[in-house]
Every structure is written in structure tokens, then in C-alpha cells.
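S.K.: Sequence and predicted structure below; questions after.
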Amino acid sequence: MILRDFPPMGVYETLFKFADATNKYMGDPGTHPWAQGYPLTTQIPGGPDLPKSIEFDALDLKYPKATGEPPLLEAIADYYKHFYGANISSENVAVFAGGRPAIFATLAFLLDDTTVALEETEYTPYYDVLKVLDRKVHLISSNEANRFRPSAEDYDIQPLTDTSRVMLVKSNPCNPTGVATGDEELRSLLEKFSAEDKGALIDEAYEFYCDPEPESALKHIENIDDTNIFVIGAATKGLQVPGMRIGWAIASRKHIEIFRNYSSFGMGGVSRASQIYVTKLMERSRITQARNAICKFYNEQRKRYGDGLAELGFELYTGTGGFYHWGKLPQGLTGDGFNERLFAHEAGILPGRLCDMGRTESVSSLEHFARFSFGPLSAESYEDDLSILRESLR
């Protein structure tokens, strides 16, 4: 064997275990994909329909441009300018094949003397990326004791030994907890990491899924060209098209140039067909309708499933964003133990230990926690979902 072995990312670990137990892929018809982070890919109540076709010609079969096709770059920049008053242009945007490649590229090109700071409880791939890149990591307190809500002082971070810079990596709203940072709290955080020798990667995959309305860091950044801040977005969640694999980074022009150079040898651009499709989704009136409908529908789903899970004995710590519930399992169950029961019903959750950024060989402090996803669930599935959960707790 000539390649270094590496285990699957946390969500995929669960998917593979589910497949071994059921001979099905979680998300197939009849399964209950509570472990997965994707939204409904059908029209939601009050939302726009999803186009079933696109038009393209011979020119669109050529290689894509390194940082994205101009119509999509303009549409992305226009979106943030219109809804958040962002001071950016298309030259501040780079398109990637999803949000994760944008995150990976940003962390891969960090200078070696950089401390990466992130919360103890975070988006599972962050752990894998930082481990592969062998980055020096500072963990920010985010646990049961502080209800997974770090204080402002927790972000006062000094570089670790042999480093001179600090880069914050933060999903907002947080995946898995749904804790959202907004308004003045977000503005203050961005000011802190706009200082010299500091930077921040703000992962806004769940931007639309906030109560009471969508939130973006770009609302609070006066001139991104003067910062080391990267805002990562994607069509995956808000625009309901995870299969299109379109994501983007908003950053200073000098950093976008680095992404252009990286794409020239490491990516080769992103599918022009997918870019055409997503550009269509970002038409002003359509995306306005999508923002409003996503926000309303999923806020209702969050409350509904929160009430149901609490009645079943889950101790919830969920915030006001995302499409997950984060909580402690009843009856002293572990996430893996609960999945053994759920797999019999062709259902599964994400064990909390996989969201532990400080995981070691010893038992994780999140062993008894779970992330429950209501993202892919229709309003009509609620009673069946609760019935399976109830049965699995007997």
C-alpha cells in the first residue's frame, strides 16, 4: 500500500456503519436520515420550485475559469451587497466544488506559524482537515458546562508556542449545536479577528436557517480587503442543491488571487453546468423567496422537533440556527448505542463524539450526546419519526 491510511469523516463513518447494518444507503427511500446534513431537495411550503433543466451551448463545454464564471461571481457579490450592504465585488469571490473544498484550501495555505482556534464542539470535517494538515490547534471552551456557548473572553486567544498568528475557524450557526452568533456579538468577534496577525474563517453554510432572519458576517465587515477574514458560503443548504457541489469563499482580493493560482493546479475550476444552474437560483426575486421560506419552514420544524425530543427525555442545548437538534440522550445511552437500536428501524443519528474536536483514544465528553437532523424531513414525517424514536427508547 503506497497511500497513508485515513478514516472516513464522522458523518460518513455513520453512513458506512448504517449501510453495513441495513444494506441500504441512509437517505434512500424508506430510510430515516437523521444523521445527515442536507435539506429537502423538493419545493418547501412558500418556497420557489427547483428548475429541472438548464440551457448551455458549446462554449459551456470548455474549461471553466479558475475562480468561477463571471455571471455566478457577479450574482454572489450582488447577493451579499443587496441583503447585507457588503462592500465587495466579484473580485472578492472564488467558486469551489462545495463549501468543504473552500475550507480545505483556506486551511491548507495558512502560514506554518499559525495557531488555528476552534470550539471544542464543531463541524466534524474540521477535525479531519486539521489532523491531515497537522495544524497547531487551540480549543475554545464549548461544552456542557457552558451550554456550548463560549463567552467573549473565550475568544481572547494568544498564539501557541512556535506560532505568531491566530486563525479562528467557526461555523455560524454552529454545526452541530445550532448556536448562532449575531448582531453586536458577531461584530465584536469580527473586529477582534481583524487585528494584525489574526484572521477568521466563518463558515455560513446555515446562513438562511436563523431565527428570526438570515445572518452573515459580511454585514459587519467594512472592508474585507483590509482583513484576513474568509466567509464561506454554498448553494448546498439555503438553495437546497447539495448535489450541484457549488460553494464559494468571500475574501480579500489578494487571497482570491491565491485561490485562483491553487485552482490552476489543484482543482481546474468547477463544473460550468453546475455554475449555470446555481446562477439561475440566485436571481433576486427567487433568492428572496427562498430566504424567507427556508427561514420560516425550518424555524417551525426546529420548534416542533424540539418539543417532541424534549418530551422523549432528550436534554436539549440547541441554539436558534441550523436544522439540527443537539442534546444529551436519555437513559444514559451513548450515541453509538442509540444507533444500534435505530439501525433496526433504518434510522440513525450522528453520535456526539464525532463532533468532539479534542477527541482522543479515551472516552469523549460528548459520548452521551447526539445530533439529530431534521433537515431532510418533510412536515408529514413527524409522527412516524417520533414513533421510531419512542420505540427505540423502550
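M.R.: Now that the structure is in, tell me what you want to look at.
S.K.: which stretches of this structure form strands?
M.R.: Using DSSP state E, the strands found in the chain span residues 93-96, 114-119, 136-140, 165-171, 198-203, 229-234, 247-250, 315-316, 324-328, 350-351, 369-373.
S.K.: Quick check: the gap between the residue of the chain most remote from its centre and residue 118.
M.R.: Largest separation from the mean C-alpha position in the chain: residue 58, at 34.5 Å (CA atoms, centre = their mean). To residue 118, residue 58 is 45 Å away according to CB to CB, to the nearest Å. (Each C-beta comes from the backbone N, C-alpha and C, glycine too.)
S.K.: One more: residue 51?
M.R.: Taking CB to CB, one finds residue 51 at 36 Å from residue 118.
S.K.: Looking at these two, which one has more neighbours?
M.R.: residue 118 (23 against 11; other CB atoms under 10 Å).
S.K.: if I pick that one, what's in contact with it?
M.R.: By CB atoms under 8 Å, 6 or more residues apart in numbering, the residues touching residue 118 are 126, 130, 137, 138, 139, 140, 168, 169, 170, 357.
S.K.: what's the closest of the residues you listed to residue 290?
M.R.: Nearest to residue 290 out of these is residue 170 (CB to CB; 24.3 Å).
S.K.: List the contacts of that closest one.
M.R.: 118, 119, 122, 181, 200, 201, 202, 203.
S.K.: let's see it at 6 Å
M.R.: residue 202 (CB atoms under 6 Å, 6 or more residues apart in numbering).
S.K.: can you give me the helices in the stretch 201-350 of the chain?
M.R.: In the stretch 201-350 of the chain, the helices defined using DSSP state H, counting those that start in this stretch lie at 253-266, 272-281, 284-311, 335-343.
S.K.: between these, which gets nearest to residue 64?
M.R.: helix 272-281 (4.8 Å).
S.K.: For residue 353, list the residues it contacts.
M.R.: Residue 353 neighbours (CB under 6 Å, 6+ apart): 364, 366, 367.
S.K.: before we move on, what about residue 389?
M.R.: Counted by CB under 6 Å, 6+ apart, residue 389 has contacts residue 312.
S.K.: Now do the residue nearest to residue 149 when sequence neighbours are not counted against residue 380, distance only.
M.R.: In space, and not counting its chain neighbours, residue 149 is closest to residue 179: 5.6 Å by CB to CB, 6 or more residues apart in numbering. Separation of residue 179 from residue 380 (CB to CB) stands at 29 Å.
S.K.: who has more neighbours, these two?
M.R.: residue 179 (24 against 7).
S.K.: list the contacts for the more buried one?
M.R.: 148, 149, 319.
S.K.: re earlier: take the helices of the stretch 201-350 of the chain and write them to CSV, including mean neighbour count and distance to residue 38.
M.R.: Shown next, in CSV, are the helices of the stretch 201-350 of the chain (neighbours: other CB atoms under 10 Å; distance: least, CB to CB, whole Å):
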stretch, mean neighbour count, distance to residue 38
helix 253-266, 16, 25
helix 272-281, 20, 16
helix 284-311, 17, 13
helix 335-343, 19, 18
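S.K.: Now mean pLDDT and distance to residue 30 too, for the ones you listed, in TSV please.
M.R.: Shown next, in TSV, are these (pLDDT from 0 to 100; distance: least, CB to CB, whole Å):
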stretch	mean pLDDT	distance to residue 30
helix 253-266	97	39
helix 272-281	98	28
helix 284-311	98	20
helix 335-343	98	13
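S.K.: and of these, who's closest to residue 239?
M.R.: Of all these, it is helix 272-281 that lies closest to residue 239, at 4.8 Å by CB to CB.
S.K.: name the helices or strands packed onto that closest one?
M.R.: For helix 272-281, the elements it packs on are helix 70-84, judged by 3 or more CB pairs under 6 Å, 6 or more residues apart in numbering; DSSP states H and E.
S.K.: Contacts for the helix it packs on next, please.
M.R.: Under CB under 6 Å, 6+ apart, the answer for helix 70-84 is 86, 88, 89, 90, 93, 216, 218, 219, 248, 275, 279, 282.
S.K.: List buried residues within these.
M.R.: Buried members of the contacts of helix 70-84, counted by 16 or more other CB atoms under 10 Å: 86, 88, 90, 93, 216, 218, 219, 248, 275, 279, 282.
S.K.: In terms of distance to residue 103, which of the residues you listed ranks first?
M.R.: Nearest to residue 103 among those, with distances taken as CB to CB, is residue 248, at 11.4 Å.
S.K.: Find the pair from the buried ones among the contacts of helix 70-84 with maximum spatial separation.
M.R.: 219 and 275 (25.4 Å).
S.K.: just checking, residue 345 touches residue 388?
M.R.: Yes: taking contacts as CB atoms under 6 Å, residue 345 lies within contact range of residue 388: 4.6 Å.
S.K.: picking that back up, mind putting the buried ones among the contacts of helix 70-84 in JSON lines, distance to residue 29 included?
M.R.: What follows is the buried ones among the contacts of helix 70-84, written out as JSON lines (distance: CB to CB, whole Å):
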{"residue": "86", "distance to residue 29": "41"}
{"residue": "88", "distance to residue 29": "42"}
{"residue": "90", "distance to residue 29": "41"}
{"residue": "93", "distance to residue 29": "37"}
{"residue": "216", "distance to residue 29": "35"}
{"residue": "218", "distance to residue 29": "39"}
{"residue": "219", "distance to residue 29": "40"}
{"residue": "248", "distance to residue 29": "32"}
{"residue": "275", "distance to residue 29": "30"}
{"residue": "279", "distance to residue 29": "31"}
{"residue": "282", "distance to residue 29": "30"}
